[in-house]
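generate a structure from the sequence data that follows.
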Amino acid sequence: MTTRPTAAEAGLPAETRTELDRFTDSLWLEHGLARNTLNGYRSDLALFAAWLAKREVPLRCARAGDLAAYLAEFSLRARPASQRRLLSAWRRYYRHLLANREISEDPTLTLDPPLPGQRFPKTLSEAQVEALLAAPDTGTPQGLRDRCMLEVLYAAGLRVSELIGLKLFAVSLDQGVLRVMGKGSKERLVPLGEVAADWIVRYVREARPVLLGGRHCDEVFVTRLGSGMTRQMFWRIIKQNAMVAGIPAERISPHTLRHAFATHLLNHGADLRVVQLLLGHADISTTQVYTHVARERLKQLHANHHPRA
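Have a look, this model is predicted:
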């Protein structure tokens, strides 16, 4: 799977672009990384290569001092998460060259990762989620579809790409689970819940045939054009319904219900490892950010309701 060349590659030598092709293809074949991750790594490396080119240094010949100088400039305009992705791209790239004996030493060994930021995911209270779920007009095919999408997103904690890519054959109402294809083409089974399952039954029976108008589509959630839902359209759907529910625009995004799913599970006593499995996180450190959100919520409840707070 060849990744898409980025704008930063326009002025790079053909040899460097070919090198990036080989590197991203290797990552995909050996580790099954998602296309978005590969594109992010490629973009980071291309920008670094363009910076090196001004100093007449080929990408593969960069030394530890070059990496440190670039990171010092990059950190002035980039968030810690972006810095960590850059370091990850560097490590994977130079270790790839080292394994293939194309370089003799790894220039990333002396680099320290940036300190983790304190940016917590935006989430919603349980009352706000209920208001959002109730916002669509279920008397229309579009409204019934929107309600079903929101219910499934919150009930299963899906990524938006997983929701819009959900196929009919991946929904098992008898067993109450969804077969979800996550990042890196990793499949997982996710419990659905009775409420969301009931909304799927109603949507598939009453609204989906109307929206399709006799056309065929494998995706569960479709548009009135008879095709699968898109990320852009779902963004508009969630924004419109958030407005109806009285939720401020800055508090909502297509990922917000996934954050709410994880936070509410932890608030109600779920084990962190279980939440990790449900979310499809490869590393539990990714899931741990939700413990901070849950902790802040508990502090707020204590401050509001305890007589000695």
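
name the element Arg236 belongs to?
Arg236 belongs to helix 231-245 when assigned by DSSP states H and E.

please enumerate the helices of this structure.
Ranges of helices within the chain are 14-31, 35-53, 64-74, 80-99, 126-134, 141-156, 160-164, 194-202, 208-212, 231-245, 256-267, 272-279, 284-287, 289-305, based on DSSP state H.

same list (those) but as TSV, adding mean pLDDT and distance to Asp106.
From N, CA and C alone the C-beta is placed, and that goes for glycine too. Shown next, in TSV, are the helices of the chain (pLDDT from 0 to 100; distance: least, C-beta to C-beta, whole Å):
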stretch	mean pLDDT	distance to Asp106
helix 14-31	86	15
helix 35-53	89	15
helix 64-74	89	9
helix 80-99	89	5
helix 126-134	93	46
helix 141-156	95	41
helix 160-164	91	33
helix 194-202	95	47
helix 208-212	96	53
helix 231-245	92	37
helix 256-267	84	35
helix 272-279	80	30
helix 284-287	68	23
helix 289-305	62	29
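
can you list the ones you listed in CSV and add mean neighbour count and distance to Gly176?
Shown next, in CSV, are the helices of the chain (neighbours: other C-beta atoms under 10 Å; distance: least, C-beta to C-beta, whole Å):
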stretch, mean neighbour count, distance to Gly176
helix 14-31, 16, 32
helix 35-53, 20, 30
helix 64-74, 15, 46
helix 80-99, 18, 35
helix 126-134, 16, 19
helix 141-156, 23, 10
helix 160-164, 20, 17
helix 194-202, 17, 6
helix 208-212, 17, 20
helix 231-245, 16, 24
helix 256-267, 22, 16
helix 272-279, 17, 14
helix 284-287, 14, 23
helix 289-305, 14, 24
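
sorry, back to before: chain center to the helix holding Arg236: distance?
Remark: helix 231-245 is offset 18 Å from the chain centroid, using C-alpha atoms, centre = their mean, to the nearest Å.

same check on stretch 211-226?
Relative to the centre of its chain, stretch 211-226 is centred 25 Å away, using C-alpha atoms, centre = their mean.

may I have it as PDB, with CA atoms only?
The C-alpha trace of stretch 211-226 is given here as PDB (Å, rounded to 0.1, in the frame of the first residue of the first chain):
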ATOM      1  CA  LEU A 211     -33.000   6.400   2.100                       C
ATOM      2  CA  LEU A 212     -31.700   3.800  -0.300                       C
ATOM      3  CA  GLY A 213     -34.600   4.000  -2.700                       C
ATOM      4  CA  GLY A 214     -34.000   0.600  -4.100                       C
ATOM      5  CA  ARG A 215     -30.300   1.000  -4.400                       C
ATOM      6  CA  HIS A 216     -27.700  -1.400  -2.800                       C
ATOM      7  CA  CYS A 217     -25.200  -0.500  -0.200                       C
ATOM      8  CA  ASP A 218     -23.200  -2.700   2.200                       C
ATOM      9  CA  GLU A 219     -22.700   0.000   4.900                       C
ATOM     10  CA  VAL A 220     -25.200   0.100   7.700                       C
ATOM     11  CA  PHE A 221     -25.600   3.900   7.600                       C
ATOM     12  CA  VAL A 222     -26.500   5.500   4.300                       C
ATOM     13  CA  THR A 223     -27.400   8.900   2.900                       C
ATOM     14  CA  ARG A 224     -30.400   9.800   0.800                       C
ATOM     15  CA  LEU A 225     -28.100   9.500  -2.300                       C
ATOM     16  CA  GLY A 226     -28.000   5.700  -1.600                       C
END
